[in-house]
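In: coordinates for the following, if possible.
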Amino acid sequence: MSNTMTPYKHTVQYYETDRMGITHHSNYIRWMEEARIDFFDRLGWSYKKLEDEGIISPVIAVECSYKHSTTFPDDVFITITVLEFRGVCWKLGYTMTDSAGTVVCKATSEHCFLDKDGKIVRIRKVYPGFGEVLTKMMQEE
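Out: Numbering: from 1, shown residues only. Presented below is the predicted three-dimensional model:
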């Protein structure tokens, strides 16, 4: 698995802008989720697959640093990196750029793995193949 996955592309929608015509800050977190779902689809471990197996991965922390504004209809390209994977919890980094390559947002999200009853799941033990993929992605960074 290469760490040079094609970035996820999101086109800013008119409804995502505020009265000043600038993308509202809350949308960046939504785009992180879109990109994260796409990222896991590409890894072969979709959220749907995990949920069908009884695994959920809630967000436990988010941090965003807004660098440059975007407006309708800008394209935003989101690159994800696996910053940490400890078997139970994982942390992703997001770099969002515009069409010119200007960084518009740097962000992170942290997650854990739980079963349908809310109990911690040790992915390396229960799904070693998935654990290997996440570990490999982290080691390549």
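In: for the residue nearest the centre of the chain, give me its contacts.
Out: Residue closest to the average C-alpha location in the chain (CA atoms, centre = their mean): residue 36, at 3.1 Å. By CB atoms under 8 Å, 6 or more residues apart in numbering, the contact set of residue 36 is 80, 92, 109. Using the backbone N, CA and C atoms, a C-beta is placed for each residue, glycine as well.
In: can you check the pLDDT for it?
Out: At residue 36, the model reports a pLDDT of 96.
In: separation between the residue lying closest to residue 120 once chain neighbours are set aside and residue 109?
Out: In space, and not counting its chain neighbours, residue 120 is closest to residue 88: 5.4 Å by CB to CB, 6 or more residues apart in numbering. Plainly put, residue 88 is 15 Å away from residue 109 if you go by CB to CB, to the nearest Å.
In: higher neighbour count, the two?
Out: Set residue 88 next to residue 109 and count neighbours by other CB atoms under 10 Å: residue 109 wins out with 21 against 15.
In: how much space between the more buried one and residue 93?
Out: From residue 109 across to residue 93, the span is 9 Å (CB to CB).
In: tell me which element residue 5 is part of?
Out: Counting by DSSP states H and E, no helix or strand carries residue 5.
In: my read: it touches residue 41, true?
Out: No - at 10.9 Å, residue 5 does not count as touching residue 41 under the criterion of CB atoms under 8 Å.
In: so which bits of the lowest-mean-pLDDT helix or strand in the chain are buried?
Out: Lowest by mean pLDDT, DSSP states H and E among the helices and strands of the chain is helix 128-139, with a mean of 87. Using 16 or more other CB atoms under 10 Å as the test for burial, helix 128-139 gives 130, 131, 133, 134, 135, 137, 138.
In: distance from it to the middle of the chain?
Out: How far helix 128-139 lies from its chain's middle: 16 Å, per CA atoms, centre = their mean, to the nearest Å.
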